[in-house]
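Asker: Quick one, structure for this:
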Amino acid sequence: MNSLNIPTSANSAVIEAAYAAWQQDPDSVDPTWRAFFQGFTLGSNGGSPAAGAAATGAPIIDSLKQSHVHYLISTYRAIGHMEAHLDPLSDPPPPHPKLSLAHFQLGEADLDTSPYGRVSAEGGRAAYACIAASARLALDGRIDAVATAPINKESIRAAGIDSIGHTEMYAALTDTKNPMTLFQTITLRVFFLTRHVSLARACSLVSTDLVAEEIRDSVEGLRSLGLDTTSAPLAVAGLNPHNGEHGLFGDEEGRFIEPAVARCRAEGISVVGPVPADSVFHQALHGRYSAVLSLYHDQGHIATKTLDFERTISLTLAMPFLRTSVDHGTAFDIAGKAVASPVSMVEAIRLGALYGPAYAAYSKSKRN
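Answerer: Got it, this is the predicted structure:
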């Protein structure tokens, strides 16, 4: 086995046998199965590895059936027309063997219990299992990066998982203290000084020490992706309209941001700022700056998502491996309707493939 894609036609007895073997001796099974079982065991115990030995195989078999349901749906989309009775003057076509429930090792009861497109603990366990398995494969050096699809936080909570967000999960699985977020939209890259705090709180958090620290971390983040940090400097966005107009609309630029930029420039870091926020993102998009350090959540989010919502990709840095992700939710309201756009997922995969090798080499050099 050379991938994480567990065959959708796999026999449940085979899975049960492999799981039993893994419980006796984890090293006795293929590494991919090992990561798969470890993930489901963690997911079934709220993300607690200590409880893994007591877990049963039920969540694994249930989620295997769920994958069979998804396989059935995709098969009907591809060849379902072969059973369609289109000519009322002719006999209906015979049942197609590849469209029978038996072909997918399913019965009517399995279809009735499928949590497709709604909040469920089973879905939360399955999502966490995949996340845990991907982390293990990356930590083992078998993959350079992980591109994540959205997860439903209510399902994660229903499964009893301690962490409900991707970033928190990967941080816990990799023992990362302060993961860093970078947005990339086309050629615009944006870091964040503050994120999930009120606007009033974000403004009060601006300080010379914090801005200087985030400048250093942002430049290091660009280096980890193999990007040039000298030919185009990092830009720090201003906080107030027109950079405060020399104190007319606020004085944070002069009190905190300018001293932080001067301090980092004295350290040899290529950085400029503050640059008025109404122009800095446009200039960065066209190559004047390598990236922008935005000062609060919506300042950076509005700039990137207005430029191209579907191509705004989140990169999680400062972990042992690179993670890229779409920046939208699960959209249960359109689940199974074949109308979701793949653009964000394609872009997340593309950036993972683009930056993954350089990031893996950087991470390895830091460990050595």
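Asker: Residue 174 versus the nearest residue to residue 139 once chain neighbours are set aside, what's the distance?
Answerer: Among residues not flanking residue 139 along the chain, residue 320 sits closest, at 6.1 Å (C-beta to C-beta, 6 or more residues apart in numbering). (C-beta placed from N, C-alpha, C; glycine too.) Distance of residue 320 to residue 174, given as C-beta to C-beta, to the nearest Å: 5 Å.
Asker: list the residues that contact both of those two?
Answerer: residue 139 (C-beta atoms under 8 Å, 6 or more residues apart in numbering).
Asker: From the recorded domain assignment, give the ranges for the chain.
Answerer: In terms of domains, the chain is parsed into 12-84+94-150, 174-367 (source: automatic domain parsing).
Asker: does the residue of the chain positioned farthest from its centre sit in a helix, a strand or a coil?
Answerer: Within the chain, residue 89 marks the point farthest from the mean C-alpha position, 52.1 Å out by C-alpha atoms, centre = their mean. State at residue 89, reduced to three classes by DSSP: H, G, I helix; E, B strand; the rest coil: coil.
Asker: Let me see the ranges of the helices in the stretch 151-300 of the chain.
Answerer: 153-158, 166-174, 199-205, 208-224, 252, 258-266, 277-285, 297-307 (DSSP state H, counting those that start in this stretch).
Asker: Could you tell me the least trusted of those helices?
Answerer: Among these, helix 252 has the lowest mean pLDDT, at a mean of 86.
Asker: Tell me where the model's unsure across the chain.
Answerer: Applying pLDDT under 70 to the chain picks out residues 1-16, 31-66, 110-115.
Asker: Tell me how far residue 295 lies from residue 190.
Answerer: According to C-beta to C-beta, residue 295 stands 11 Å off from residue 190.
Asker: Please work out how many residues are found near residue 282.
Answerer: Applying other C-beta atoms under 10 Å, we find 12 residues neighbouring residue 282.
Asker: now do the one 4 residues further on
Answerer: Residue 286 sits with 9 neighbouring residues when counted by other C-beta under 10 Å.
Asker: returning to what we had before: any chance of CSV for the domains of the chain, columns distance to residue 165?
Answerer: Output for the domains of the chain, formatted as CSV (distance: least, C-beta to C-beta, whole Å):
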stretch, distance to residue 165
domain 12-84+94-150, 10
domain 174-367, 10
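Asker: So for residue 164, which of these sits nearest?
Answerer: domain 12-84+94-150 (8.9 Å; C-beta to C-beta).
Asker: re the thing from before, out of the helices of the stretch 151-300 of the chain, which is the most enclosed?
Answerer: helix 252 (a mean of 22; mean count of other C-beta atoms under 10 Å).
Asker: Give the other helices and strands that it contacts.
Answerer: Contacts defined by 3 or more C-beta pairs under 8 Å, 6 or more residues apart in numbering; DSSP states H and E place helix 252 against no helix or strand at all.
Asker: before we move on, back to that, I'd like the distance between the residue farthest from the centre of the chain and residue 281.
Answerer: Distance, residue 89 to residue 281, using C-beta to C-beta: 63 Å.
Asker: Then residue 210?
Answerer: For residue 210, the distance to residue 281 - C-beta to C-beta - is 21 Å.
Asker: orientation of the longest helix belonging to the chain relative to helix 208-224 in degrees?
Answerer: Counting residues, the longest helix found in the chain (DSSP state H) is helix 343-367. For helix 343-367 against helix 208-224, the angle by axes from the mean of the first three to the mean of the last three C-alpha atoms, to 10 degrees is 100 degrees.
Asker: I'd like to know which elements helix 343-367 is packed against.
Answerer: With contacts taken as 3+ C-beta pairs under 8 Å, 6+ apart, helix 343-367 sits against strand 145-148, helix 208-224, strand 312-317, strand 322-325.
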